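Colleague: the sequence and its predicted three-dimensional model are supplied below.
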Amino acid sequence: MIALALAHNPELGYREVREVLRGACDRIDEAGGDYDQDGHSPRYGYGRVNARAAVEAASAAAGS
């Protein structure tokens, strides 16, 4: 996923890549995942990374 994101926007730094990946996750078990306001679950982390959403977010990120 990181390679895909960087292929579409090689200017991203590691912090930006991390935010792209966090934001591109699909929640798993919305009702039982106990997600907090930041979108993190103690059970599932941020969820399942959505490759398409990650590429779209990387392409739209500042500096692209």
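Modeller: The structure has been received and is ready for your questions.
Colleague: tell me where the chain has helices.
Modeller: Using DSSP state H, the helices found in the chain span residues 2-8, 14-23, 51-60.
Colleague: can you list those in JSON lines and add mean neighbour count?
Modeller: Backbone N, C-alpha and C define where each C-beta goes, glycine included. Output for the helices of the chain, formatted as JSON lines (neighbours: other CB atoms under 10 Å):
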{"stretch": "helix 2-8", "mean neighbour count": "15"}
{"stretch": "helix 14-23", "mean neighbour count": "16"}
{"stretch": "helix 51-60", "mean neighbour count": "16"}
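Colleague: out of those helices, flag the one nearest Ser41.
Modeller: Proximity to Ser41 (CB to CB) singles out helix 14-23 among those, at 12.1 Å.
Colleague: any idea of the mean pLDDT for that closest one?
Modeller: Taken as a whole, helix 14-23 carries a mean pLDDT of 95.
Colleague: so Val49 bridges to which residues?
Modeller: For Val49, the beta-bridge partners are Cys25 (DSSP bridges).
Colleague: ok so, going back, now distance to Asp36 too, for the helices of the chain, in JSON lines please.
Modeller: Formatted as JSON lines, these follow (distance: least, CB to CB, whole Å):
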{"stretch": "helix 2-8", "distance to Asp36": "24"}
{"stretch": "helix 14-23", "distance to Asp36": "13"}
{"stretch": "helix 51-60", "distance to Asp36": "20"}
